[in-house]
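1. The amino acid sequence is not available; the structure is as follows:
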Ligand SMILES: [Zn+2]
């Protein structure tokens, strides 16, 4: 399953494309960082997670739990969400911000990437890293 994930969902690929297009340099699936961010932009210390609404418990319409095995799903999704929060905290302890892009908000993706690119280009490159 993790192997499938590393290939990237449509939203992940869209984020990469939008950032590349704007000259933002980033790394993918950085294993040394908590939560293995889908996209990590070292220059502005930004970790981007492209989260599926169901698995990460977004609470939107797409995150509706199945009626069958409701308890099972509820505890599983709650555990995922708790793990996300913990990882976010671990990253923030390292001075890394986390940005979550929910798949239900795909329409905002371009605007978000534009914002990231603006900040990126306004931030001088760090040396000796
Ligand atoms: Zn959602």
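-> Happy to help now that I have it. These figures come from a predicted structure and were not determined experimentally. Numbers count the residues shown, from 1 in each chain.
2. State the mean pLDDT of stretch 41-60.
-> Average pLDDT, stretch 41-60: 95.
3. Quickly check: it near the ion or not.
-> Yes: counting by C-beta under 5 Å from the ion, the ion is contacted by stretch 41-60 at 53, 58, 60. Backbone N, C-alpha and C define where each C-beta goes, glycine included.
4. Show me which residues of this structure sit near the ion.
-> 53, 58, 60, 62, 102, 104.
5. Helices along the protein, start to end?
-> Along the chain, the stretches classed as helices by DSSP state H are 2-7, 10-21, 70-93, 109-122.
6. gap between the two ends of stretch 21-37?
-> Stretch 21-37 has an end-to-end distance of 20 Å (C-alpha to C-alpha, to the nearest Å).
7. ok, back up a step: can you tell me which two in the residues of the chain next to the ion are farthest apart?
-> With distances taken as C-beta to C-beta, the most widely separated pair in the residues of the chain next to the ion is 62 and 102, at 8.5 Å.
8. which residues are in contact with both of those two?
-> Common neighbours of residue 62 and residue 102, counting by C-beta atoms under 8 Å, 6 or more residues apart in numbering, are residue 53.
9. Who has more neighbours out of the two?
-> It is residue 102, of residue 62 and residue 102, that has more neighbours when counted by other C-beta atoms under 10 Å, with 20 against 12.
10. Please name the bridge partners of the more buried one.
-> Taking DSSP bridges, one obtains residue 51 as the residues bridged to residue 102.
11. per-residue confidence for residue 9?
-> Listed pLDDT for residue 9 reads 82.
12. re earlier: what subset of the residues of stretch 41-60 next to the ion is buried?
-> 53, 58 (16 or more other C-beta atoms under 10 Å).
13. From residue 20, how far out is the spatially most central residue of the chain?
-> Geometric centre of the chain, nearest residue: residue 49, 0.5 Å, by C-alpha atoms, centre = their mean. Relative to residue 20, residue 49 is positioned 18 Å away (C-beta to C-beta, to the nearest Å).
14. Below-threshold pLDDT in the chain: ranges please.
-> 1-7, 127-129 (pLDDT under 70).
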